[in-house]
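In: coords below, sequence missing:
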């Protein structure tokens with residue numbers, strides 16, 4: 001009996017030992033493995049257009065083709081998000097020493113694609129080159145002298161500009177080209193001579209896209225680029241919609257916000273448009289939504305303030321309506337003192353398709369409140385001559401504003417689009433200077449602008465990124481960073 005009892009105990013002990021052994025085996029010896037699939041690299045599918053006759057140096061390039069490539073090869077001191085807020089890139093931060101002095105701290109641990117270290121000399125060189133360039137120079141009027149200071153650069157401003165940091169989005173390049181004569185940056189890709197053909201190849205180990213090599217195809221004309229994307233000869237292009245290509249593009253496409261303001265220029269020196277109530281009536285009678293949808297095929301957004309509606313500083317400030325207010329327009333006409341038989345206007349416009357469509361829509365809208373309106377569509381040379389001589393009542397204009405939202409092109413008597421504005425009678429231009437100096441609130445300037453209405457903002461145009469239907473991925477991109485998430489783009493089925 002004892003033997004049977006002992007045998008039973010022994011069997012139980014062995015059984016327990018067996019389970020214990022299995023438990024230990026799970027804890028100590030079984031290895032859980034995860035399978036990671038490496039990205040399938042693409043070295044031939046992705047193609048971009050470039051202009052072979054133009055420079056690849058971002059400060060010498062004059063074509064949109066080659067300027068667009070710059071955002072792949074070069075990084076900037078700052079990037080801007082979609083609300084025009086600066087994000088440090090090569091810079092690590094900034095501070096205003098005073099209203100005319102900006103200090104920018106530089107990350108000097110960065111290396112260019114040729115292995116050389118980025119230093120302050122490269123930054124100063126790039127700032128001065130950008131000021132002289134066709135692509136960036138017109139927006140950098142406020143940038144003056146630049147000098148090194150420890151790990152920072154000190155930028156003297158030509159006038160007070162609280163948003164000056166928004167201008168520092170141009171490429172930073174090495175002073176020296178590489179051995180093949182290509183300009184050198186620290187961007188996601190770098191230029192390479194591939195058996196006599198120019199390609200872009202991945203720069204550095206930290207950037208891991210599907211698209212490892214980008215082929216550059218020499219296509220210069222706008223129409224040829226559009227056709228090449230449609231049929232798949234190139235994979236991607238940015239169009240600024242200077243010519244409305246949206247209707248003829250059969251590829252995939254997406255709108256991109258820009259800072260191109262379309263406006264009504266007003267002759268405030270002569271005629272009935274010298275009356276500020278008439279100018280307000282014109283603005284009130286315009287349906288900006290209709291202009292966006294009908295004249296610009298949806299590739300625009302209504303101007304609700306003096307500044308771009310995406311500009312975070314003024315996101316809650318609206319002085320214009322998206323739709324017309326006919327009752328308020330008629331009331332402003334009555335307050336102007338003009339009789340109905342004196343409400344005669346002409347709208348000057350060049351032969352641009354979108355602007356002509358906008359002019360004819362505005363004509364109809366103004367006539368609904370009692371104006372008699374004639375649209376004068378002329379060639380660009382005559383258009384430029386007439387606005388330069390202030391031979392107009394109204395004209396349809398377009399200007400690319402700088403990313404700091406500077407309004408000096410209108411509000412300075414020597415500004416590039418100050419045609420017809422009577423600066424001697426304005427007060428809002430002085431208030432604008434005081435706003436920049438920090439001596440008055442922004443709202444005070446905006447209210448004065450509305451009362452005086454030296455010009456009438458209508459809408460901000462959008463550009464278009466268009467790409468091959470063979471491509472996959474959430475194609476994100478915005479102005480000055482057209483390839484923001486290119487690491488996720490691919491041609492996988």
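Out: Nice, thanks for sending it over. As the structure is a prediction and not an experimental result, all values here were calculated from the model.
In: which residues of the stretch 51-200 of the chain fall in strands?
Out: With DSSP state E, counting those that start in this stretch, the ranges of strands along the stretch 51-200 of the chain come out as 78-80, 86-88, 91-98, 101-106, 143-149, 152-157, 189-194, 197-202.
In: Most tightly packed of the ones you listed?
Out: Greatest average neighbour count among these goes to strand 78-80 (a mean of 21), per mean count of other C-beta atoms under 10 Å. For the C-beta atoms, the positions are set from N, CA and C on the backbone; glycine is no exception.
In: before we move on, back to that, including distance to residue 231, could the strands of the stretch 51-200 of the chain go into JSON lines?
Out: Output for the strands of the stretch 51-200 of the chain, formatted as JSON lines (distance: least, C-beta to C-beta, whole Å):
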{"stretch": "strand 78-80", "distance to residue 231": "33"}
{"stretch": "strand 86-88", "distance to residue 231": "37"}
{"stretch": "strand 91-98", "distance to residue 231": "42"}
{"stretch": "strand 101-106", "distance to residue 231": "45"}
{"stretch": "strand 143-149", "distance to residue 231": "43"}
{"stretch": "strand 152-157", "distance to residue 231": "46"}
{"stretch": "strand 189-194", "distance to residue 231": "24"}
{"stretch": "strand 197-202", "distance to residue 231": "21"}
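In: any residues touching stretch 190-205, and which ones?
Out: Residues outside stretch 190-205 that contact it (C-beta atoms under 8 Å, 6 or more residues apart in numbering): 48, 50, 56, 69, 72-73, 113, 178, 180, 182-184, 186-189, 209, 212-216.
In: Model confidence for residue 166, exactly?
Out: pLDDT, the model's per-residue confidence, is 96 for residue 166.
In: Ok, residue 17 next?
Out: For residue 17, pLDDT reads 43.
In: Residue 151: neighbouring residues, count only.
Out: Neighbour count of residue 151, defined by other C-beta atoms under 10 Å: 12.
In: That one contacts residue 103, correct?
Out: No. With contacts defined as C-beta atoms under 8 Å, residue 151 does not count as touching residue 103, sitting 10.4 Å away.
In: can you pull out the strands in the stretch 351-493 of the chain?
Out: Assigned by DSSP E, counting those that start in this stretch, the stretch 351-493 of the chain shows strands spanning 372-377, 394-400, 455-467.
In: So which of those is nearest residue 223?
Out: Closest to residue 223 of the strands of the stretch 351-493 of the chain, according to C-beta to C-beta: strand 455-467, at 13.4 Å.
In: one step back: pipe the strands of the stretch 51-200 of the chain into a markdown table and attach mean pLDDT and distance to residue 333 per row.
Out: Below are the strands of the stretch 51-200 of the chain laid out as a markdown table (pLDDT from 0 to 100; distance: least, C-beta to C-beta, whole Å):
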| stretch | mean pLDDT | distance to residue 333 |
| --- | --- | --- |
| strand 78-80 | 94 | 41 |
| strand 86-88 | 95 | 43 |
| strand 91-98 | 97 | 45 |
| strand 101-106 | 98 | 46 |
| strand 143-149 | 97 | 44 |
| strand 152-157 | 98 | 43 |
| strand 189-194 | 93 | 58 |
| strand 197-202 | 94 | 58 |
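In: Averaged pLDDT, stretch 274-284. What do you get?
Out: Mean per-residue pLDDT for stretch 274-284: 97.
In: how near is the nearest residue to residue 179 once chain neighbours are set aside to residue 190?
Out: Spatial nearest neighbour of residue 179, chain neighbours left out: residue 114 (8.0 Å); criterion: C-beta to C-beta, 6 or more residues apart in numbering. Note on residue 114: its distance to residue 190, by C-beta to C-beta, to the nearest Å, is 8 Å.
In: and for those two, which residues touch both?
Out: residue 184.
In: close enough to count as contact, residue 300 and residue 291?
Out: Yes. With contact defined as C-beta under 8 Å, residue 300 counts as touching residue 291 (7.4 Å).
In: anything in contact with each of the two?
Out: Common neighbours of residue 300 and residue 291 (criterion: C-beta under 8 Å, 6+ apart): 262, 459.
In: ok so, going back, for ChimeraX, write the select line for the buried members of the contacts of stretch 190-205.
Out: Buried members of the contacts of stretch 190-205, defined by 16 or more other C-beta atoms under 10 Å, are picked up in ChimeraX with:
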select :48,50,56,69,72,73,113,178,182,183,184,186,187,188,189,209,212,213,214,215,216
